[in-house]
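>>> the following comprises the amino acid sequence and a computationally predicted model.
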Amino acid sequence: MTKKILSTVAAAAILTTGAMAYDSMGGMAFAAAATATTAKNVTATTPITKAYNGLGQSLIFPAYFVGNGWETNLRVINTSSTNAVVAKVVLYSGKDSKEVRDFNIYLSANDEWTGTIKVDSDGTAKLISTDDSSPLTDGTMASAAHPMKSDAITVPSGYIEVIGLASPASTAHADHVNLRKAYAKFAKAERAITTPIQFSNGVITSTAEFPYITSLGKVYTSGTSAYTFGTPVQSLVGDVRITDTANGKDMDLQGIRVNNVVETGNALAYIEGEAANIADRDIAAAGTYTGAQMAPDANAFDTNNVWMSYGDTSSMVNNQLLVTSPFKRILAIANKPATANTSYTAGKFNGLKTDANKKIANYGKFSALALIFDKSENQASASQFSPASTPVLNFNYEVSASEGNPVQTDNISYYLNAAGSAFTSGYIKLVNTATATAMPGIFTQMMATEPKSGTVVTNWIFPAQN
C-alpha cells in the first residue's frame, strides 16, 4: 500500500482555514482564516549568501534527472543537535523554473531525510520516500510499509530548492507527527490570509499576504508536545546523487548552502502543497517582487570566470559543464517592463523579454566565450572563438549542460574540434561575452570517469571560478 504526498484537501483539514484550490504548477488561493491576526508582510533587507563549505539555512540542488534510465536520490541533513527544522522541498523545471512538485519535511535534531525521483512500477516518474520526516495524506508520516509518493512528474530534468521555514528549540526526537501538527497550528495562527495568493507558473503575480512571520515566541502544542517556532537555524547540508542505470553513470554533488533567506527574528509559514521559492523573500508589502530587492540576491550567484579541465574530444561526453540559473525567470518578472519586448539586464540574460501583459515572452540566455588552452600553455586561435565568427556557448535554459541529454545542451566538443588535433588535454576558460558582466548561475563540472566494478563513476565537482 502506498500513500501520496499530502493533498491540499488534507492540508485544509489540518489547517482548518477554509476552502483551498491548487494545481500542480503552483496556483493556490485561501479563504480568510478567522484566527489569523498577527502575520506581517516583511521585506527582507539582508542579501542572501552562499557557502560552499559551510552550513545552510536553505539548499539548492543544481539538477535532478529522471526517466530514460536516470533516477535521482536526495538527502537533506539537519546537523543541529538542539533544534528541529521544518523545510519545504520544491522541484522546478530545468527549462523555465516552473514549479513541478513541492512538499514540507519535518526534521528532528540530527535527522536525515531521503527521497528518490524515479520511474515507479506504474511507468510514471514520481518522488518516493519512506522517510518518517515525510508527510502522508492521513496525517501520519511515511514508512517502508507506507511510502510517500508524489503525483506523476512529467518534467524529466530540473533543479531543487530546500527552503528552511522555521525551527523550534526542541530536538523533536521521534516526534515528527506532533512537530507537523504544531507547525500547522503555527501557520494558521500567525499567518494573516486576508486576500487570495495568485500564482502564475509558481510566481506570485497579485497583491497578497506573504507568509513572512515576525510574531514569534508563542507555544504551540500537539498531544503532550510543545513547540515554540523561531527563525530556521543554519544547519542544513545535503547532496544529490544522479544515476544513469542504463549506462552505468553515477554522480554525486553537495547541495549549494544558502543563508539569510529568512532573517533573524522571522520565520516562514508556508503550508503543505503551497508554491514557494527562495526568491519570495523579495516580495514587498504590495505583494509583488521588487527588482531592487532581488538584484543583490541574484548577485550572490554571479560568476566572472569559470575554468574547467578537459581530456580529449571523445571524453567530453562524460566531461560536462552544468549550469543552473535559479533566479532567471523571477528576475524578469520582478522588473515587469511596462511595454512588450522590453529586455531585462541584457548584459546578463540576452533576449529575456516580457510581453505586453508583463509575462515572459522567452527565457533568454547568457553567452560565454570558451578560451581553450592546452597542457603546454598554448591558446587556440582567438579568432576561431570570436562571437562574431563562431557560435559561443549559449545557456538558454535554467538548467543547461554541455553534451547530451537529458537537459538543454551547449556543445563544448565543438570548440575542441575547432581548436584542432593539438588540443587533446588542458583547460577551458569561460568568460561572459558581455563586457564586465558576471555570469549568473551555479556552475558544476562532471569529469574524470573511470570503470569501477563495471560501473562508470563520474566525479561531479565545482570548477574553479571567481
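Perfect, thanks for sending it. Residues are numbered from 1 along each chain as shown.
>>> CA only for contacts and neighbour counts going forward, please
Will do.
>>> can you pull out the strands in the stretch 51-200 of the chain?
58-65, 70-78, 85-93, 99-107, 112-119, 125-129, 148-149, 157-168, 199-200 (DSSP state E, counting those that start in this stretch).
>>> could these go into CSV alongside mean pLDDT, distance to Thr424 and mean neighbour count?
Shown next, in CSV, are those (pLDDT from 0 to 100; distance: least, C-alpha to C-alpha, whole Å; neighbours: other C-alpha atoms under 10 Å):
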stretch, mean pLDDT, distance to Thr424, mean neighbour count
strand 58-65, 94, 29, 26
strand 70-78, 96, 30, 21
strand 85-93, 94, 35, 25
strand 99-107, 92, 40, 26
strand 112-119, 97, 37, 20
strand 125-129, 96, 39, 24
strand 148-149, 94, 46, 26
strand 157-168, 95, 31, 27
strand 199-200, 52, 47, 17
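>>> who wins for proximity to Val219 among the ones you listed?
For these, the distance to Val219 is smallest for strand 157-168, at 9.5 Å, taking C-alpha to C-alpha.
>>> I'd like to know which elements the closest one is packed against.
The contact analysis (3 or more C-alpha pairs under 8 Å, 6 or more residues apart in numbering; DSSP states H and E) places strand 157-168 against strand 58-65, strand 85-93, strand 225-230, strand 267-268, strand 399-401.
>>> okay, that strand in CSV with CA atoms only?
Presented in CSV, the C-alpha positions along strand 157-168 are these (Å, rounded to 0.1, in the frame of the first residue of the first chain):
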residue,chain,number,x,y,z
SER,A,157,15.1,17.4,-15.6
GLY,A,158,15.3,20.5,-13.4
TYR,A,159,16.7,21.7,-10.1
ILE,A,160,15.6,21.5,-6.4
GLU,A,161,15.3,24.0,-3.5
VAL,A,162,15.0,23.1,0.1
ILE,A,163,13.8,26.2,2.0
GLY,A,164,14.2,26.3,5.7
LEU,A,165,10.9,27.6,7.2
ALA,A,166,11.1,27.6,11.0
SER,A,167,12.9,25.9,13.8
PRO,A,168,11.6,25.1,17.3
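>>> tell me the strands beside it, with direction?
Note on strand 157-168: by DSSP bridges, its sheet partners are strand 58-65 (antiparallel), strand 85-93 (antiparallel), strand 225-230 (antiparallel).
>>> tell me which of these lies nearest to Asp120.
strand 58-65 (14.3 Å).
>>> residues contacting that closest one, please?
With contact meaning C-alpha atoms under 8 Å, 6 or more residues apart in numbering, strand 58-65 is reached by 71-72, 94, 117, 156-164, 234, 236-240, 242, 254-259, 261, 323-324, 399, 406, 442.
>>> for the chain, what's the longest helix?
helix 176-190 (DSSP state H).
>>> nearest residue to Val240 in space, please, no chain neighbours.
Leu74 (4.8 Å; C-alpha to C-alpha, 6 or more residues apart in numbering).
>>> just checking, the one you found touches Asp239?
Yes: using C-alpha atoms under 8 Å, Leu74 is in contact with Asp239, at 6.2 Å.
>>> give the other helices and strands that the longest helix of the chain contacts.
helix 8-15, strand 99-107, strand 219-222, strand 225-230.
>>> how near is the nearest residue to Ala187 once chain neighbours are set aside to Leu216?
In space, Ala187 comes closest to Ala269 once its chain neighbours are excluded; the distance is 4.9 Å by C-alpha to C-alpha, 6+ apart. From Ala269 over to Leu216 the distance is 11 Å, taken as C-alpha to C-alpha, to the nearest Å.
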